Structures are given as C-alpha cells and as structure tokens.
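In: here are the coordinates; sequence isn't available:
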C-alpha cells in the first residue's frame with residue numbers, strides 16, 4: 001500500500017489494523033477520553049503482556065481503542081508474538097498501529113516478501129512511508145503553517161529540511177515550535193532568520 005492509498009482509505013473511515021500514522025483519525029481529541037483508549041507500547045519499555053492487555057481492553061466512552069506498537073521488526077522472536085496477538089485482535093473496536101524505525105522492517109525482495117511481511121499482509125494493511133521529496137516536504141510545511149495563518153518561504157523550507165532532516169515526526173514537532181514562535185512574535189511568514 002502506498003501513502004496515497006492509505007490516505008484514500010482513511011477518508012472512508014478507519015477500521016481494522018493499519019500500519020501508518022492514524023492517531024488523529026481514531027482518537028477523539030479529548031485528552032481525558034483518549035487517556036482511556038490510547039496505548040503506546042515501545043519494544044524496549046514494554047513486553048508482550050502489555051500488548052495483550054492493550055489489545056483486549058474495551059474502549060471506554062469511545063467507539064475504538066488505538067494501540068500503537070513501536071518495534072524494530074528485526075527482533076523476530078518478539079515480532080512473531082506481536083503479530084500473533086494482533087492477528088486475533090477484535091477489529092470491531094481496536095485499531096493497531098505498528099511503527100517501525102527506518103530500516104527496521106525487512107520487506108523482502110521485489111516479488112518475494114519477507115516472512116514477517118507475508119504474515120502481516122494476511123490480516124493487516126501495510127504501508128511503506130518512503131522518504132518524501134523536498135517538493136513534497138515544502139507542500140507539507142505550507143499546509144502545516146497555513147493552519148496558523150502563516151506562510152513559509154522556499155528558502156526557509158529548504159533550510160528546515162537541511163537542518164531537521166526528512167523524518168516526518170521530528171519535522172512535525174519542529175514545525176509546531178516554529179509556528180508557535182512566529183505567532184507569538186506577530187509574524188505572518190516563516191523565514192530563514194526564524195529557523
């Protein structure tokens with residue numbers, strides 16, 4: 001699945017199990033309600049029993065729970081158990097988000113998926129988030145800043161990419177900081193000086 005295909009599916013409504021960035025689509029936005037229905041489990045901090053407990057917890061004051069699992073798929077013993085648990089999760093009220101670090105998932109070769117990918121594709125939608133081009137990142141920044149009534153110069157956008165890199169999670173956090181700084185200073189445009 002490509003990023004564009006995932007976006008099209010998200011417009012239809014979220015259900016089942018997804019790999020991608022869907023937190024905003026599942027959670028209500030109410031911090032109190034979301035605290036009961038959002039589980040974030042990192043391989044290094046949690047264990048399989050934490051995942052089992054999260055996957056079997058019914059939603060409270062909401063339609064669904066979101067279980068985010070951050071895992072380097074190269075740890076195959078942990079991964080096998082994770083996939084086994086996810087396979088039997090109740091898709092009526094649980095959305096699972098598997099997040100693998102860059103280079104942390106072996107998809108296999110062009111016409112021969114890896115063992116993990118083949119297993120995951122039987123019951124989950126798998127989406128590879130390829131590195132975005134500078135032009136795509138500039139458009140992303142323009143959309144992100146426009147929600148605060150801000151614009152961004154091409155030079156500033158390129159400098160942001162050079163300085164922050166292409167990791168969308170990191171980039172999003174840095175853009176939020178820049179937007180807050182610009183708004184607090186009464187600016188209408190993000191320029192290199194602010195970056």
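Out: Yep, that arrived. Remember, it's a predicted structure, so these values are computed and weren't measured experimentally.
In: packing partners for the longest helix along the chain?
Out: Among the segments of the chain that qualify as a helix by DSSP state H, the longest is helix 168-184. Where contact means 3 or more Cβ pairs under 8 Å, 6 or more residues apart in numbering; DSSP states H and E, helix 168-184 is packed against helix 134-146, helix 154-164, strand 189-190. (Glycine included, C-beta is placed from N, CA and C.)
In: what about 10 Å?
Out: If you count contacts as 3 or more Cβ pairs under 10 Å, 6 or more residues apart in numbering; DSSP states H and E, helix 168-184 packs onto helix 134-146, strand 151-152, helix 154-164, strand 189-190.
In: Export those to TSV and append columns for mean pLDDT.
Out: Putting the helices and strands packed on helix 168-184 into TSV (pLDDT from 0 to 100) gives the following:
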stretch	mean pLDDT
helix 134-146	91
strand 151-152	96
helix 154-164	92
strand 189-190	96
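In: JSON lines for these, including mean neighbour count and distance to residue 51?
Out: Conversion of the helices and strands packed on helix 168-184 to JSON lines gives the following (neighbours: other Cβ atoms under 10 Å; distance: least, Cβ to Cβ, whole Å):
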{"stretch": "helix 134-146", "mean neighbour count": "16", "distance to residue 51": "31"}
{"stretch": "strand 151-152", "mean neighbour count": "20", "distance to residue 51": "39"}
{"stretch": "helix 154-164", "mean neighbour count": "16", "distance to residue 51": "31"}
{"stretch": "strand 189-190", "mean neighbour count": "18", "distance to residue 51": "40"}
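In: Distance to residue 175 for the ones you listed - can I get that in CSV?
Out: CSV is the format used below for the helices and strands packed on helix 168-184 (distance: least, Cβ to Cβ, whole Å):
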stretch, distance to residue 175
helix 134-146, 5
strand 151-152, 9
helix 154-164, 7
strand 189-190, 9
